[in-house]
Each structure stands twice: as structure tokens, then as C-alpha cells.
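>>> requesting a structural model of the entry that follows:
(chains A, B and C)
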Amino acid sequence: MLANILVTTLVNAAAYAMLAVGFSLIFGVGRIINLAHTAYYMLAGFSIYTLVATAGCPAAPAVLLTIALITVIAVLCYKLLIDPMREHETTVLIITIALALVFQELMLKYFGGQFRSVPSLARGFFVILGVQVTRQHALTCMVLVLILGAVWLLLQKTRLGLAIRATAQDKEVANLMGMDVSRIAAITAAISAALAATAGALVAPLNILEPHMWLHPLTIILAIVVLGGLGSIKGSILGAVIIALSESLVIFLLPQGSFLKGAFSLLIMIIVLLIRPEGLFGVALEGER
Amino acid sequence: MNTRQLVTVFLLALFCFGMILLAGCARQEEEGNVIKIGVAGPMQFIHGQHHMLGAQMAADEINDAGGIKVGDDYYTIELVKIDTNELLSVDDASSAVEKAIAQDNIDLLVGTIRTEAAVAIQELMMDHQKIYITCGASFKEMADKVSQDYDRYKYWFRLTPLNGELLAKASLLLLQHVGQVMKDDYGIETPKVAVVCEEAAAGDTLAAVAQQVIPSFGMEVAGVWRPSPQATDMTAELAAIRDSGAQIIYTYLSSSGGVTYARQWGELKIPAASVGINVEAQSKGFIEATDNYGNYEFTLNTYAPVEITEKTIKWYEDFIAKAGEFPTYNAGTYDALYIYKEAVERAGTLDLDAVIEEMEKTRFTSACGIQAFDENHDVIWGPEYVTAVGTQWQDGELKCVWPYDWQGITYPGTVKYQLPPWVEEALQK
Amino acid sequence: MIRDMMGRIYRNFKGEILVLPGRTLALLVGLAIFIAPLLTRDIYILRIITLTSIFAVFAASWDLLSGFVGQLNLGHALFFGVAAYTSAMLNLYLKLPPLLTIPLGAIAAVAAGLAIGIPCLRLKGQYLSLATLAFPIILKGVVYIFKQYTGGELGVSGISRLAGSRLAECYIALLLGVSLCLLIWKITDSKLGLIFHAIREDEIAARASGINTTAYKLLAFCLSGLFAGIAGGFYAHYMRLAGPSMLDVMLSFQAIIWTIFGGIATVYGAVTGVVILFPLMEVMRAFPEIRMLFFAVTIVIVLRFMPEGVAPWFLDRVEKECPRCKERNAFTRRNCRVCRTLLIAGKEVSAGTEGQTGHPTD
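Numbering: from 1, shown residues only, chains lettered A, B, ... in the order given. Next comes the predicted model:
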């Protein structure tokens, strides 16, 4: 059972971390709570489905095409709808919800409400530590870890990464140092959407595809990001592991209550917040105007 | 500048008037011999689409044949499509139905699927004293109200599916059938059963009944799991089930969780036969949705392409031709319209008390069996009535495998139940 | 003497309401809504009016906490749900009449406000918002655990009606809605409202001025919970059902959408948002296929061009603020109605004054 809990946790944590990191990035740089983030994930799922299952496109180009497409959509939405509204924080919040609803309804119109799934890239399963893991889960997990590593390198080792981190830490000072803050925010929005799209493209074969699939991960992602500290990449990854672990614990130790896993994760988030009000690795927002 | 402001005010005023007008226009009185039947369901989803299509087929047939004969007059049926959006918002459902009552003047309501919404709509319809034939919600307590307060609830009937308790009984017969196969072919004396029931009202009933009844079948309960109806990942539950040593999984899954479950069950080759109720396994897209892993999933069903009655095969094929989908229990709206029509014609009047009295005497041969109502206005289950059927996915096709010599019944066209090969392998060890 | 009083009321009426187009319009719409139930027997229209009044209170109560005090609450459905369940269960199990259960439900919501307010006060900004989002979801889990009392997904049904007829219910809701919204508006207009404003604009400065910000924030949580709770209890008795959908994430978002659509931190904006959007969505039932899409697109487009909401946008066009005494004037006037200052016409200058005196934006 211990091995079971560990393996399930790792597989789920990778997918959660992918979504959470993207969400956290754009929050850190733009101070934007983008509630449409998981809607990009949903769109990516449908895009992969259309390309692979109906147009017969091979998997690898389909994934790349999807990521490109979703990123373009997200940047357009950012430039046209979110960026001009940045001063009105609550208005941005509502626009992003409405945006997610627009995407949901468009998919509902076009694909209908039935449940679909994307054929997996690798079929079958193997056994590790006495636990069955589907090849698709393992593949997804590996690719996600690689991509997270790449994002980490991008942030730590490149000039762009430095600029993004600087802007996240203090926008005004970054601006004074001669950085084009609004360009950096737009680039971050693109990276964030690309991450959501990647998560959608890779996790889609594990999940059921339907237009309302964005709402549930959204609350989980929020819990993870808050738990880890808004704007902190390290925190998001650790938060993803904690939430995934708590979910597996509920399922394995309390089988009759497996429906409670969502509520339980949120409870953990609240408890952590009560002990550390700015999350595990959060930047303290005190004094920020 | 003032002109611009005036224009703004004018536009706003226009907008207000427009809205009032629209609200006013929404109600159009129509006269003539018309019976208006509301079809309520989540029209964006397959459930509502089947509600609508079933009703549409019946209405077209009845209208083509002249309509409903009341005394010497003929009434045509006009359907009012009510998008309840009930899967997402229960409040939307009762608002939409109230609108249909107040503005479209419906005489009869059929449909609805989600229990929470159906209960609210039941109260609403009883307030307005209009007949409401539920085709889609299985909550048993809705029927109990009829005998508790007949005068208020007499307008309510249920046609599909069977009520929760009967569903439990019927689906447990499927479980017994699988257990019998294991006993006969592999000599397993007391198979262990894992109970997987989603966290919902119907799931509570089924989980409770299953835990009571399974020991009396000579089987053993290996554990109970209650995932959320929309679970997107069940690998953890399935791993726990595998560790519990279960040989059979008894399921009640009514939503997307059923697809997740069947897909992962097939992919991980969990060494336990799956049987019970999996609503998603009743639809045509199931095999594709499970990425071909859904084979051998065995579920209780309402319709099947076998000769349940002489009507079944023709109707089944007609429906598929129109919908591109297998009929689900929601398509029972088709029979609901006919049952109403026949009751009205027998009564010879539209007087509600007389019609209800005739509806209580219904004995209607439908595509899913002989339909009749008990004293609670609930559809009767039994060998001479609606039996329900067990369908299994075999090689990408939905086959009827039950009743298989149950109470002497085997519908012509039924095939033998197949254990999944990986389960056979595990049993041989 | 009576004549004198009538005269004073008339003068107040003329001087406070008729001179301002925004208030006149509000009065007219209000009157129309009040008369409408008498002209129609249509229960569906009565239903729309009743629900609009209830949700207006709900949205205004969100505005009180989030708009004025700046404690952005993403889980406002918690108050609504707690009160709805409390009222419904008290009514069903103890057979208390709605006259008692609704206030008791509201008190339970106040308790909920305290229960989440005290721990959450440690949190700042977005942390607070996202933490509050979690509470209704957790409570929903609790509702499912104790399903023998709460009815699980089916909720608590079979509770008693508010009043004998739909018409009576509609008028009770209307009266309650109008009076509670006016009360909330009065609160935000009072000294208390001023303190709330101060906390939102600069909490540190407010604390430095000797304001016990913690106590006031807690008070805001309780007040907001109280009003949302009244709305929730009322709603439960009107629908005769308290179900888990009253704790939905989407219900919390609805309150926010209504308020921001109408105009945040104004109270009348929240009411305007509900009065426009709720009936509009009912009208859209005629086109169920595009109903939600229309809703979402409307919000995106309207907010893109009126980021401060519909009501402030509208008022900016039909009313001018006197640059000297800050009184508001109808756009037709050349001089201020109080101090006679010449109201400067012309785009550039008025844009400048808007910038100084318009609503705070962050």
C-alpha cells in the first residue's frame, strides 16, 4: 500500500505541478489571477482530440501544433482583454472567469456534452514496486518532469528568466532598471499558457474530455498555488506533491470517503495558510501597494 | 457632448423597452385543439437529446395518425422543449419548468434526469396540479409520496428507469449471474465482491442494498469504495481493489466516472469481472471513449437489440437511425406520450381525474417490456412486466446477455455472458 | 402641520431624487417593478422579481465586504448556503416558522462570518481571496458526510412556504430587498463606511490613525454574512429546498459577476448588475442554445469597455460632479445646484476632473 500511495502521488503531482507552475508564473509577474488558466488546458485537450482522433494527425506534431495554437489564443486574449484592464484587479478576475465560460460554451456547441477520450500514445501497463502503472501515466510523468526542468533552467539561467524573476519580485524597480515590464508580462503569459497547453496535451489521454473539465482542476490548482506561495515555482511544485499525496492518502486509507479528496486537499491548504499566511515559499505582499 | 449623452440615455431606454417587449412576446397564446407537452431535460447533453427525440418520434407518429382522440375531437400534440440545464444548475431547472407552466401553458410534463432537480420539479408540478411523468430519475422516495399524500401527488408517474431499490435488485441479479458463471466454470465457491458506488443518492441505496444482499448470494464483500461521480482518475481505487483480492467488482456509476473506471479497469487488466450499473456503458460512444478498453463491461440497461417485445427491434433501429446513438432510459418519453394518449382516449375526456384513473390502469406494450404502474404510480418490475436487460460489450459491440434463463425468460437474440480473458486467466491460477 | 410635512417630503423628493437622472431612473425602474406584479398574474414573472430581489441583497452584501473593505471574498456562497441549510433544517426538524428560521439562519451566517473571518484576517490580498474560496467546498464535503440530516445531494426539502400566495411572497421579497439594499447603502455612506474605505485604500495608514482595523474587518465579515444570510434563508424558503448547489463555486462567482458588472464599491452597482443580468438571463431562456455563451460574451465585452461597471459608466454620462463642492448634478445643468459654480463643459477638462474625483481604481 505504501508503494501504491507513493506511485499514485508522483503521477498526479506531475500533472498538477505543470498547471500550477504556469498559473503561478503569470501571477508572480502580472499579479493576475487567471481563472481561465485551466480552460486553456481544456482547449488543448479538445485540440489534441480533433487532430489525433478525427483528423488522423500523428501524435508528436499534434502536440506541438496544439501548444502553438493555444499559446496564440492565450496571448491574443491577454493582449486584447486582460492587459488593458490590469489596474482593475477584480475586473480582470471576472473577465477571466467569463473567458473560461466562453471557451466552455464554444466547445459545448461544437463537440456536445458527451464524454470523450484521446487515444493514448503508449498502451498497456508495467509493474513497478508491485504497483501497476500505465505506460501513458509513466510517459506523461517523465515528459512533465523534463519540461518542468526546462522551465526551471529558463528561469534560473537565462537573461529572460532573470528578467521574469526580477519583475515578479518588484515590478517598479525592474521597470526602473530599464526592463520592459509589460513585454515581460506578455511573454510570461505566453509561457504560462504554453505550460497549460502542454499539460492539457499530455494529460488529455489520461482524462475524460468534456467542456466542463476545467472547473475541478481549477480549485485544486488554486489550493496548490496558495499552499506553495503565490508566485513561487518551488512552492507550486511542492504544493502539487502535498495535494497529490493527501488525495492518495484519502483514497487508500478512507475508501468509503474517496469523494472527499477535494475537500480534504482544501482543508490542508487552509491549515497551512493559518500557520504560514503567505504559503510555504510565498513573497510577503505586505507593503506592496 | 450633450447629444452623445442623450443618445446613451435613449439607447438605454430602448434596451429596457426591448427587454420588456421580449418578455411579453415570449408568451404566445395559441388556440385550437392542441395538447401541449413539455419535454424537460438538459438539452445540451445526450440525456436531454434522448428525452426530446423519444418524445418527438411519438408526437410525429401520433399527429400523423390524426392526433389524440378525445370524445369526437382530435387533438394534435405540440411539444415544448424545456432546456433545464439541470446537470449544472438545479435552480435553472425549476425556473425553466415554471416558465413552461406559466407562459407556454403546458398540459403535461415528461423527462428530467437529475434526482435533485426531479424532486424540485415534482413539487412544482404538484403545486400546479399537472401530470408529470418522470423519465430518467430513479429516486424511490418520489414514489412513496404518492401513497403518503395521494391527493397532492396523484399527478406524478415514473416510467423509466426502475426506482433505486428495483435497480439494485435487478443489477444484483446480474452480479449473481456472474457469480454463478464463476462457480460453474471455475469452481469458485465464495467469490469476493468489491462494491464501487459513486457518491450520490442512488449510490447510497445501491451500496447499502448490495452490502446486505451479497452475503446471501454466498459471496463476500471485499470492500466498499465511494468515488465522486465525476472522478477523473480511479487508478488508486483500482489498485486498492486489486490488493483486496476481489474477483468481481459491482459498480454503480452514472456519470463520467464510469468511463474513467472502465478505461482504467481494462487497461490495468484488474483481475475482477465488472458488473452492475454503468450508465455511460449504455451509449454508443463508450468503446471509443474508453479507448477500446471498455470491452467486457457488463451493465444493466433498459433497451437492447433483442426481442423483448415484438416492438423492440424495429423501434431500436428507428431510434438509432434518427439519433445515431443507442436509446437510453431517457428515451422512455416515447412511451410516456403513448401511455398518456391511450389513457386520454380511454377516458374520452381531458378531465385530469379521469385521465389519471385510466393511467393507473395502464398495461402498455413498449420496446422495453410491458409497462404498468403500481399503487405508488411507479413502474412495475418483474418477469411479466419490465424486466430490464443486462448488456455486455463484446468485441466492440453491445450484446444482450441477461435475462439468461431467469424465471424462464431468455429474449430471442440473447448471447452468453463472457468473462474477460485476463479474469479467466487469474481464476485458473 | 400635515401639509407642512407633505411639503417637506415633496421638497426632499424634488431636491434629492428628481434633480439627479440616475436616482430618477432608479426610482422609475423601482416603481415599475413594484407595480408589475399587480398587472400580471404570471407566476413566472413573479418568480423573476422575487429572485431578483433576493439576489440583489446577496450581491450587495458581497459588495459591502469585498468592494468597500477590499477583502475580496471568493466564497460568498458560504454565507448563503449556511443560512439556507440552517433555516431549512430548523424549519423541517423543529417546525419553526419562517419568521424565526430566516433570522436564525442569518445569525448562523454571522457565526460563519466570524468563524472564517478570525483565521482569515491573518491573510492578505489574494491569499485571503483564495482561502475563502475553499470554505464552501469544504462545507459541501461536510454536507455529504452528514447526509442523514442534510439529505446529501438532494438537500433538505419539504420545508414550509413563506406566505400563502406567490403574490405575497413576491411583495415580501421586494420590500425586504429594497429595505436591505437601502440599509447596506446607508451603512456604506455612514462613518462606518468611511472607515471601511480607509481600510481598503491603505490599511497601514488606517491603523496608524488609530483605527482598530482587525475589529472593523471582522465587523465587515459579520455584516456581510448577516445580509447574505437573510438572502439565503429567504431563498431556501422560497424554493422550499436547501441543497448543495447553494454552496457551489459558481454561486460565489455569480455574486462577483453581478457586482462587478454593475460597478464595484457602490452598492447601487451590485443591485443594478442583478436587475439587468438576472432578468436578461431569463429572457434568454427563449434561446437556450446560446444562453450561457451570450452571458459570458456580454460580460467580457461590457467589462472590456466599462471596466468600472455599468452603473458608474452610466452615471458619468448623465451626471456631472461639481468641481468645487463635489455635489452631483444632472448633465443638463450649467451651474451647480448647490454652490452655483459654473460646471465646465468640454471634454478635456471634464476628463481631468473625472480623473481626480472618479472612483478609486485599485
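>>> tell me where the model's unsure across the stretch 51-200 of chain A.
Regions of the stretch 51-200 of chain A meeting the criterion pLDDT under 70 are absent.
>>> stretch B:408-426 near chain A at all?
No. Stretch B:408-426 does not reach chain A (CB under 8 Å from any CB of the partner chain); its nearest approach is 11.5 Å. C-beta: built from backbone N, CA, C; applies to glycine.
>>> show me which residues of that stretch are buried.
B:411, B:414, B:417-420, B:422-423, B:426 (16 or more other CB atoms under 10 Å in any protein chain shown).
>>> list the contacts of that stretch.
B:177-178, B:181-182, B:185-186, B:247, B:266, B:269, B:271-274, B:295-296, B:298, B:304-308, B:313, B:383, B:387, B:389-390, B:392, B:394, B:399-404, B:427 (CB atoms under 8 Å, 6 or more residues apart in numbering or on different chains).
>>> write out the residues of the stretch 51-200 of chain A neighbouring chain C.
Close to chain C, as judged by CB under 8 Å from any CB, the stretch 51-200 of chain A has residues A:80-81, A:84-85, A:87-91, A:93-95, A:97-99, A:101-102, A:104-106, A:109.
>>> of those, buried ones?
The buried subset of those - by 16+ other CB under 10 Å - is A:81, A:85, A:88-91, A:93-95, A:97-99, A:101-102, A:104-106.
>>> check contacts around residue C:333.
When contacts are taken as CB under 8 Å, 6+ apart, residue C:333 is in contact with C:320, C:343.
>>> check the spacing between it and residue C:19 real quick.
8 Å (CB to CB, to the nearest Å).
>>> what's the spacing between the one residue in the stretch 101-250 of chain B that gets nearest to chain A and residue B:263?
Going by CB to the nearest CB, chain A is nearest to residue B:199 of the stretch 101-250 of chain B, at 3.6 Å. Counting by CB to CB, the gap from residue B:199 to residue B:263 is 20 Å.
>>> circling back to that earlier point, reformat the buried residues of stretch B:408-426 as a markdown table; add secondary structure and pLDDT.
Compiled in a markdown table, the buried residues of stretch B:408-426 are given as follows (DSSP: H, G, I helix; E, B strand; the rest coil; pLDDT from 0 to 100):
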| residue | secondary structure | pLDDT |
| --- | --- | --- |
| B:411 | coil | 92 |
| B:414 | coil | 92 |
| B:417 | coil | 93 |
| B:418 | coil | 92 |
| B:419 | coil | 93 |
| B:420 | coil | 94 |
| B:422 | helix | 93 |
| B:423 | helix | 92 |
| B:426 | helix | 90 |
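>>> what about the helices in chain A?
Ranges of helices within chain A are A:2-30, A:37-48, A:59-77, A:89-111, A:135-157, A:159-169, A:171-176, A:181-203, A:215-228, A:233-253, A:261-275, based on DSSP state H.
>>> tally of neighbours for residue A:110?
Residue A:110: 10 surrounding residues under other CB atoms under 10 Å in any protein chain shown.
>>> distance of the nearest residue to residue B:332 once chain neighbours are set aside from residue B:77?
Closest residue to residue B:332 apart from its sequence neighbours, by CB to CB, 6 or more residues apart in numbering or on different chains: residue B:160 at 3.3 Å. Separation of residue B:160 from residue B:77 (CB to CB): 19 Å.
>>> ok, the residue nearest to residue B:332 touching residue B:378?
No. The criterion here is CB atoms under 8 Å, and residue B:160 misses it with residue B:378 at 10.9 Å.
>>> residues touching residue A:149, list them.
Residue A:149 makes no contacts at all, as judged by CB under 8 Å, 6+ apart.
>>> from residue C:111, how far off is it?
Distance from residue A:149 to residue C:111, by CB to CB: 48 Å.
>>> when residue B:160 and residue B:378 are compared, which one has more neighbours?
Ranked by neighbour count (other CB under 10 Å), residue B:160 and residue B:378 place residue B:160 first, with 28 against 23.
>>> now do residue C:156 against chain B, distance only.
11 Å (CB to the nearest CB, to the nearest Å).
>>> what is the burial count for residue 170?
Using chain A. Residue A:170, neighbours per other CB under 10 Å, totals 13.
>>> please go with chain B instead
22.
>>> same deal with the one 3 residues further on?
Burial of residue B:173 is recorded as 18 neighbouring residues (other CB under 10 Å).
>>> does the residue nearest to residue B:366 when sequence neighbours are not counted sit in a helix or strand, and which one?
Leaving aside its chain neighbours, residue B:366 sits nearest to residue B:335 (4.2 Å; criterion: CB to CB, 6+ apart). For residue B:335, the element it lies in under DSSP states H and E is helix B:333-347.
>>> do the same with residue C:266
Using DSSP H and E, no helix or strand contains residue C:266.
>>> right, and residue C:252 touches residue C:76 too?
Yes. In this structure residue C:252 lies within contact range of residue C:76 using CB under 8 Å: 4.9 Å.
>>> who has more neighbours, these two?
Legend: neighbour count by other CB under 10 Å for residue C:252 and residue C:76, higher for residue C:76 (28 against 25).
>>> the more buried one contacts residue C:228, correct?
Yes. With contact defined as CB under 8 Å, residue C:76 and residue C:228 form a contacting pair (6.2 Å).
>>> who's in contact with residue C:230?
Counted by CB under 8 Å, 6+ apart, residue C:230 has contacts C:57, C:83, C:102-103, C:105-106, C:176, C:180.
>>> before we move on, the earlier item: okay, and which of the contacts of stretch B:408-426 map to helices?
Short answer: these in helices (DSSP H) are B:177-178, B:181-182, B:185-186, B:266, B:313, B:427.
>>> ok, the nearest residue in space to residue C:240 that is not next to it in sequence - contacts?
Distance criterion CB to CB, 6+ apart; nearest residue to residue C:240, sequence neighbours excluded, is residue C:159 at 5.3 Å. Applying CB under 8 Å, 6+ apart to residue C:159 gives the contacts C:87-88, C:91-92, C:236-237, C:240-242.
>>> quick check: residue C:159 is in a helix.
No. With DSSP: H, G, I helix; E, B strand; the rest coil as the criterion, residue C:159 is coil rather than part of a helix.
>>> measure it to residue B:156 for me?
In terms of CB to CB, residue C:159 sits 19 Å off from residue B:156.
>>> what about the residue nearest in space to the middle of chain C, helix or strand, and which?
For chain C, the residue nearest the mean C-alpha position is residue C:60 (1.4 Å; CA atoms, centre = their mean). According to DSSP H and E, residue C:60 maps onto helix C:43-62.
>>> right, is that helix up against chain B?
Yes. Using CB under 8 Å from any CB, helix C:43-62 reaches chain B at C:43-45, C:47, C:51.
>>> same for that helix, what does it pack against?
Helices and strands touching helix C:43-62, by 3 or more CB pairs under 8 Å, 6 or more residues apart in numbering or on different chains; DSSP states H and E, are helix B:90-103, helix C:21-39, helix C:166-189, helix C:213-239, helix C:249-262, helix C:268-283.
>>> if you set the cut-off to 6 Å instead, what comes out?
Counting contacts by 3 or more CB pairs under 6 Å, 6 or more residues apart in numbering or on different chains; DSSP states H and E, helix C:43-62 is packed against helix B:90-103, helix C:166-189, helix C:213-239, helix C:249-262, helix C:268-283.
>>> what angle sits between that helix and helix C:166-189?
20 degrees (axes from the mean of the first three to the mean of the last three CA atoms, to 10 degrees).
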